[in-house]
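>>> Below: sequence and its predicted model.
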Amino acid sequence: MLRYVSRRLIQLLGIVFVISVGSFYLIHLLPGNPAAVILGNAYNATTKAALYKQLGLNRPVIEQYFIWMGHVLHGNLGTSFISRVSVVSTIRAALPIDVELIILSQTLALLMAIPLAMVSARKPDGPVDRLLSAGSFTLLSVPPFIVIVLLVLLVSIKFGLANTGPSAYVPLATNWLANLESLSLAAITIAISSFTLYFRVLRSDLIATMQEEFITMARSKGLSRRRIMWRHAFRPSSVTLLGSASVNIGGLLAALFVVQYLLAVPGLGYELIAAINTSDYLLVQGIVFVVSVAVVIINFIFDFIINIVDPRISRE
Amino acid sequence: MAHPHVEPPEEKEPLGFLFWICVGWIGLNLVGAIFANVLPLQNPLYQNYTSINVGPSLHHLLGTDDIGRDIFSRVVYGSRISITAGIGAMIIGFGVGAPLGMLTAYRRGRFDTMVTTVMYALLAFPGIVATIAVLSFWVPRDLFKIIVVIGVASIPIIYRIIRAATLSVASRDFVVAAKVQGASDRRILFKELLPNVAPILISFLLIGVATVVTIEGALAFLGLSVNPPTPSWGNMINEARTVMAQNPWLVIFPSVALCLFLLSLNYIGDRLRTHFDVAEVKL
């Protein structure tokens, strides 16, 4: 177990290194002429040289990278040209909102997916299963941005529920009920797309597990179907679920961006889009770096949890 | 003389009626997209200020938007952008990712380790973040750039999927048998591996197109898709948000067009997968 963890940790550090190089070199990796976009009207050879100097890009490459990495490890991602606020403080303000959204939406999705998948797996291709599978398949085809638009249309405009429309975000510290209300539409939208994935994955895995011999053994001992489902079948089947949760949360970023931007919820996604719109390169670079590292860390944590759930994995 | 025992062909699950309806719907969309110029449609850019926010009628099949443009023709012209983006990006992604995946899975060795490490490192960057970052600084924006960015961003994922599929096929007995018989690498690749990887490939190709169409829509919401007044499903829905209360049709029709297209693609991909009896490839 320890060897497995340390091996993965080394991999993690390797990937973080690659990400840091990529983020650092971002301006050179972007096609076109990003310097012109950043400087806007003030672009000419002199200002471009000044910009590069400010970004530390005028020295030999390796030296630049280590200087930058040194800054980063001290928690300094630079100060934005546009807003004059340090990048780290912007990110620190925005990150908890993302975390809250992820927790809310994934809890919702799992609360619905796990019981429904179990019901489906009990009688595969039965009427309930067909209904649920068809429903989840349909939901799969409705992209999050459409869901959110329709939800806003229904809930905020037609029904007029308070605190749910765009720009209605209330921080948790101020008023927890209003906070939940303001995040509800966003959480529901993300929960829906996560739900479709979790439901399908868990259902197919449960069906496969239910056919294994140890389940027949449990049945012949006289255990009830429900107990078998929860106590015996769920644990091995949850491996794929956790795996897809890990991949999903990484991919959630896309849905998070759109949803946050549309509802003006000031999370990282919103800040990133705003930064892009104002060509705020340092903030973009900082968010790209932080988000990428966060995804890698989340994958690592999930791998660790998967290993606890199904120890066979680390023995391979 | 004993007759050799011939196994009856396996019963393949029939594709079904709904499958062909979806194929027909996709075909209709394709025809609309390709022949939009020739079809008897209204001009999608012409602003007729005398008929603003009109509901569906004989003259304007799906009504008009808030500056008098015909919604139906905009939806049809809009399908061009979405479908071109989907197919174009997948050509790039599969054109590079699939051959690489098959080659490395078959050959293994140092080449495989090198390419796989690079691909997995690239995968570490959340693709959508990279796409947004690149598209926002690479101006002026046009459809070609969008296709290239999404296509290139999809290469690592496609590589991973095709490689996993080829790995599971390459370890099977008939490939070993072919090798023992002295078949050349090229023969094995084309005659043994490719026909068995093909169903997975096609299935993921269709799902990939659906995903790219969704991404184009999401990009439009961030203002990173094609510039107005060119219609695309994504930016039609985006522009309609501001007038949702007055003219809900403006949101509903492109949304329905988009969702039906995605639903059909996903369904076709799924049915093909169960028809060829392919298990979901473990990533």
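On my side now, so go ahead.
>>> Low-confidence stretches in the chain?
Just so you know, I chose chain A. Counting by pLDDT under 70, chain A shows low-confidence ranges at A:1, A:26-43, A:55-61, A:79-84, A:160-170, A:172-173, A:254-255, A:311-316.
>>> if you could check chain B rather than the one you did, that'd help
Applying pLDDT under 70 to chain B flags residues B:1-14, B:51, B:53-54, B:58-59, B:139, B:276-283.
>>> who in it is up against chain A?
B:120-121, B:124-126, B:128-130, B:132-134, B:136-139, B:210, B:214-215, B:217-218, B:221-223, B:234, B:237, B:241, B:244-245, B:248, B:251, B:255, B:258-259, B:262-263, B:266-267, B:270, B:280, B:283 (CB under 8 Å from any CB of the partner chain). Any C-beta I mention is one placed from the backbone N, CA and C, and that applies to glycine too.
>>> Selection in ChimeraX covering whichever of the residues you listed are buried, please.
To isolate the buried subset of these in ChimeraX, counting by 16 or more other CB atoms under 10 Å in any protein chain shown, use the following:
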select /B:120,121,124,125,126,128,129,130,132,133,134,136,137,138,210,214,215,217,218,221,222,223,234,237,241,244,248,251,255,258,259,262,263,266,267,270
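>>> Among the residues of chain B next to chain A, which ones are in helices?
B:120-121, B:124, B:128-130, B:132-134, B:136-137, B:210, B:214-215, B:217-218, B:221, B:234, B:237, B:251, B:255, B:258-259, B:262-263, B:266-267, B:270 (DSSP state H).
>>> show me the residues around the residue of the stretch 51-200 of chain A found nearest chain B that make contact.
Taking CB to the nearest CB, chain B has its nearest neighbour within the stretch 51-200 of chain A at residue A:141, 3.9 Å off. Going by CB atoms under 8 Å, 6 or more residues apart in numbering or on different chains, residue A:141 touches B:210, B:259, B:262, B:263, B:266.
>>> now swap in residue A:12 and tell me
Listed by CB under 8 Å, 6+ apart, the contact partners of residue A:12 are A:296, A:297, A:300.
>>> name the element it belongs to?
Here residue A:12 sits within helix A:2-24, counting by DSSP states H and E.
>>> Just want the angle from that helix to helix B:127-137.
Angle, helix A:2-24 to helix B:127-137, by axes from the mean of the first three to the mean of the last three CA atoms, to 10 degrees: 10 degrees.
>>> Helix A:2-24: which residues count as buried?
Of the residues in helix A:2-24, A:4, A:8, A:12, A:15, A:16, A:18, A:19, A:20, A:21, A:22, A:23, A:24 count as buried by neighbour count, 16+ other CB under 10 Å.
>>> and if you look at stretch B:22-30?
Judged by neighbour count (16+ other CB under 10 Å), stretch B:22-30 contains these buried residues: B:22, B:25, B:26, B:29.
>>> in terms of contact, does the third one touch residue B:268 like I think?
I take that to be residue B:26. Yes: applying CB atoms under 8 Å, one finds residue B:26 in contact with residue B:268, separated by 7.0 Å.
>>> OK, contacts around the residue lying closest to residue A:88 once chain neighbours are set aside?
Spatial nearest neighbour of residue A:88, excluding adjacent residues (CB to CB, 6 or more residues apart in numbering or on different chains): residue A:77 at 5.2 Å. When contacts are counted by CB under 8 Å, 6+ apart, residue A:77 touches A:71, A:86, A:87, A:88, A:91, A:282, A:285, A:286, A:289, A:290.
>>> Please list only the buried members of the residues you listed.
Among these, those classed as buried by 16+ other CB under 10 Å are A:86, A:87, A:88, A:91, A:282, A:285, A:286, A:289, A:290.
>>> remind me, longest helix of chain B?
Longest helix in chain B, counting residues (DSSP H): helix B:71-107.
>>> And that helix, what's buried?
Residues B:71-90, B:92-94, B:96-98, B:100-106 are the ones in helix B:71-107 that count as buried (16+ other CB under 10 Å).
>>> Which other helices and strands does it contact?
Under the contact criterion of 3 or more CB pairs under 8 Å, 6 or more residues apart in numbering or on different chains; DSSP states H and E, helix B:71-107 touches helix B:17-34, helix B:109-124, helix B:143-170, helix B:194-221, helix B:233-240, helix B:249-275.
>>> Show me what the second one is in contact with.
Contacts of helix B:109-124 with the rest of the structure, by CB under 8 Å, 6+ apart, involve A:15, A:18-19, A:292, A:295-296, B:100, B:103-105, B:155-157, B:159-160, B:163.
>>> which bits of the stretch 51-200 of chain A sit near chain B?
So far as CB under 8 Å from any CB goes, the stretch 51-200 of chain A lies against chain B at A:137-138, A:140-146, A:149-150, A:152-153, A:157.
>>> Tell me which helix or strand comes right after the helix or strand containing residue A:46.
Take DSSP H and E as the rule and residue A:46 turns out to sit in helix A:45-54. Sequence-wise, the next helix or strand downstream of helix A:45-54 (DSSP H and E) is helix A:61-73.
>>> May I have the secondary structure class of residue B:43?
For residue B:43, the secondary structure call by DSSP: H, G, I helix; E, B strand; the rest coil comes out as coil.
>>> show me what contacts the closest residue to it other than its chain neighbours?
In this structure, residue B:43 finds its nearest non-sequential neighbour in residue B:73, 7.0 Å apart by CB to CB, 6+ apart. Going by CB under 8 Å, 6+ apart, residue B:73 touches B:36, B:41, B:42, B:43, B:44.
>>> Tell me how far the third one lies from residue B:61.
Relative to residue B:61, residue B:42 is positioned 9 Å away (criterion: CB to CB, to the nearest Å).
>>> again, but for the first one
For residue B:36, the distance to residue B:61 (CB to CB) stands at 14 Å.
>>> swap in the fourth one?
Here the criterion is CB to CB. By it, residue B:43 lies 14 Å from residue B:61.
>>> Quick check on those two: which one has the bigger neighbour count.
Each of residue B:43 and residue B:61 has its neighbours counted (other CB atoms under 10 Å in any protein chain shown); residue B:61 has more, 16 against 12.
>>> Many thanks, have a good one.
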